[in-house]
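Enquirer: Mind looking at a prediction? Sequence and model below.
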Amino acid sequence: MNKKIKIAFVLPSLVAGGAERVMSFIANNISKEHFDTTLWIAGVPEDTVYNVDSIKVKYFNKSRVLTAIPSFFWSLQKEKPDLVVSSLCYLNTTMGLLSIFFPKIKFIGREANVHNVNTNEEKTEKTRGTKRIGAYIPLSFGYRFLDKIICQSNDMYNDMKLNYGIPDYKLKTINNPITDNFKLEKRLVDKKDYFQFITVGRLSKQKGHKRIISVLAKLDIPFKYTIIGDGPLKEDIFNLIEELGLSEKIIHIPYTNEVSKHLSKSDLFLQGSYFEGFPNCLLESSAMGTPIVGYLAPGGIDEIIENGINGFIAADEEQYADYILKSVNNHDWNPDIVSKTVTDKFSKDKILKEYESLFLEVLN
């Protein structure tokens, strides 16, 4: 390479979230010898919860992606990056439409969810689009102008291809990486007279906290359950906790930068999602040696959990309860084996190389 490749990574904000964490991590850690990276944030510095000290960050100080569109346009015209990498549906759609005006710039969108999922808790449609950039625009329309779409899981790849008509040549599956904060060291699980369970994730319908709580209420075992995360369903979730008489057994932490510490103290990670993109929390729990009980759902869950090795995948609430009891009473989990199931497949070095190779492929 005769010169560094200029890449603009674009996000709505740097609030706590999976897309924000992965994108800022990639931007921070890809080769600085080959890539000149900048992070463009529609929002404000005050919302930043991730370490971006080693990268240039440009905040547009807008409350919404819609109001940041003119700023994105003029920055693309002025700075002329070789490559733009965005994440989250409505921002990917925005960048796809802006790409029409900048044919010399390559645009990549990183998808964050399996959209074509219908459950009683969370419904989406094949015509799903975004109202956040004005009129209702079908996802497939905005995405058709992107040069490449990164899918986090096989389920997401198939969703983009089969339900939104995105051709194979535009799709690339790259899983999320395990970051430096999640390494198996000495387990912090102490002898105690109760089992310690944990869930990390946004308090939303998608994440399925309520069905986890409903199962726990039926178990006749001593436990403490730590919920890390915040979100729009907080009031409903804690109303249910109170209604089921579990308040004294629940510990709620809205946000912490010590997730790894809490994972290493836990006996079991409980996953209740109805769908995912590629859940970082499951990677991180397994990397810390903490096994998982999860529900069968789209979004890479079956790519992370190996039944009986680092967790169990349940088909329904009855089986979910059985797997919790089996995990804490009968199954002999080996933290080293639990960790190794993910550290070999999803190491940061492996995933970073896949991103770097994709960037070069798109530009060539």
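Expert: Good, I have the coordinates.
Enquirer: So which residues of the stretch 201-350 of the chain form strands?
Expert: For the stretch 201-350 of the chain, applying DSSP state E, counting those that start in this stretch gives strands covering 223-228, 250-253, 268-270, 292-295, 311-314.
Enquirer: Direction included, what does the longest one pair against?
Expert: The strands beside strand 223-228 in its sheet (DSSP bridges) come out as strand 195-200 (parallel), strand 250-253 (parallel).
Enquirer: Out of those, flag the one nearest Ser339.
Expert: Closest approach to Ser339 among these is made by strand 195-200 (16.1 Å; C-beta to C-beta). In this view, the C-beta of every residue, glycine as well, is placed from N, C-alpha and C.
Enquirer: what's next to that closest one, contact-wise?
Expert: Identification of contacts with strand 195-200 by C-beta atoms under 8 Å, 6 or more residues apart in numbering yields 189, 207, 209, 212, 216, 221-229, 259, 262-263, 265-272, 281, 284-285, 290, 324, 328.
Enquirer: 7 Å instead?
Expert: Contacts with strand 195-200, where a contact means C-beta atoms under 7 Å, 6 or more residues apart in numbering, come from 209, 212, 221-229, 259, 262-263, 265-271, 281, 328.
Enquirer: Could I get the buried residue list for stretch 50-61?
Expert: 50, 52, 55, 57, 59-60 (16 or more other C-beta atoms under 10 Å).
Enquirer: So what's the gap between that stretch and the chain middle?
Expert: Distance, stretch centre to chain centre, for stretch 50-61: 20 Å (C-alpha atoms, centre = their mean, to the nearest Å).
Enquirer: What of stretch 326-341?
Expert: Going by C-alpha atoms, centre = their mean, where stretch 326-341 is centred and where its chain is centred differ by 24 Å.
Enquirer: Using CSV, write down the CA coordinates of it.
Expert: Provided in CSV are the C-alpha atoms of stretch 326-341 (Å, rounded to 0.1, in the frame of the first residue of the first chain):
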residue,chain,number,x,y,z
LYS,A,326,-29.6,-29.8,35.4
SER,A,327,-26.9,-27.1,35.1
VAL,A,328,-26.7,-26.3,38.8
ASN,A,329,-27.4,-29.7,40.3
ASN,A,330,-26.0,-32.4,38.0
HIS,A,331,-23.7,-31.0,35.3
ASP,A,332,-20.0,-30.7,36.0
TRP,A,333,-19.0,-27.6,34.0
ASN,A,334,-15.3,-27.1,33.2
PRO,A,335,-14.6,-23.4,32.9
ASP,A,336,-11.5,-24.0,30.7
ILE,A,337,-13.6,-26.0,28.2
VAL,A,338,-16.5,-23.5,28.4
SER,A,339,-14.1,-20.7,27.6
LYS,A,340,-12.3,-22.6,24.8
THR,A,341,-15.6,-23.2,22.8
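Enquirer: in it, what counts as buried?
Expert: 327-328, 333, 335, 338-341.
Enquirer: Distance check, the nearest residue to Ser87 once chain neighbours are set aside against Phe278.
Expert: The shortest distance from Ser87 to any non-neighbouring residue, by C-beta to C-beta, 6 or more residues apart in numbering, is to Arg110 (4.0 Å). As judged by C-beta to C-beta, to the nearest Å, Arg110 and Phe278 stand 11 Å apart.
Enquirer: Then Asn181?
Expert: 18 Å.
Enquirer: hang on, the earlier thing: with respect to Lys348, which of the strands paired with strand 223-228 lies nearest?
Expert: Closest among the strands paired with strand 223-228, once you apply C-beta to C-beta, is strand 195-200, at 18.9 Å.
Enquirer: Need the CA coordinates for the closest one. CSV is fine.
Expert: Provided in CSV are the C-alpha atoms of strand 195-200 (Å, rounded to 0.1, in the frame of the first residue of the first chain):
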residue,chain,number,x,y,z
PHE,A,195,-26.9,-20.1,43.1
GLN,A,196,-25.9,-16.9,41.3
PHE,A,197,-27.6,-16.3,37.9
ILE,A,198,-27.0,-13.3,35.6
THR,A,199,-28.4,-11.7,32.4
VAL,A,200,-26.8,-8.8,30.6
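Enquirer: Run the chain-centre distance for it.
Expert: 19 Å.
Enquirer: Repeat that for stretch 235-253.
Expert: Centre to centre, stretch against its chain (C-alpha atoms, centre = their mean), the figure for stretch 235-253 is 25 Å.
Enquirer: do the same with stretch 82-101
Expert: Distance, centroid of stretch 82-101 to centroid of chain: 19 Å (C-alpha atoms, centre = their mean).
Enquirer: Just the helices from this structure, written as ranges.
Expert: 18-29, 65-79, 89-98, 139-143, 154-164, 209-216, 234-243, 259-264, 280-287, 301-304, 317-329, 335-343, 348-363 (DSSP state H).
Enquirer: Packed most tightly, which of those helices would that be?
Expert: helix 280-287 (a mean of 26; mean count of other C-beta atoms under 10 Å).
Enquirer: Next up, the contacts around Gly142.
Expert: 92-93, 96-97 are the contacts of Gly142 under C-beta under 7 Å, 6+ apart.
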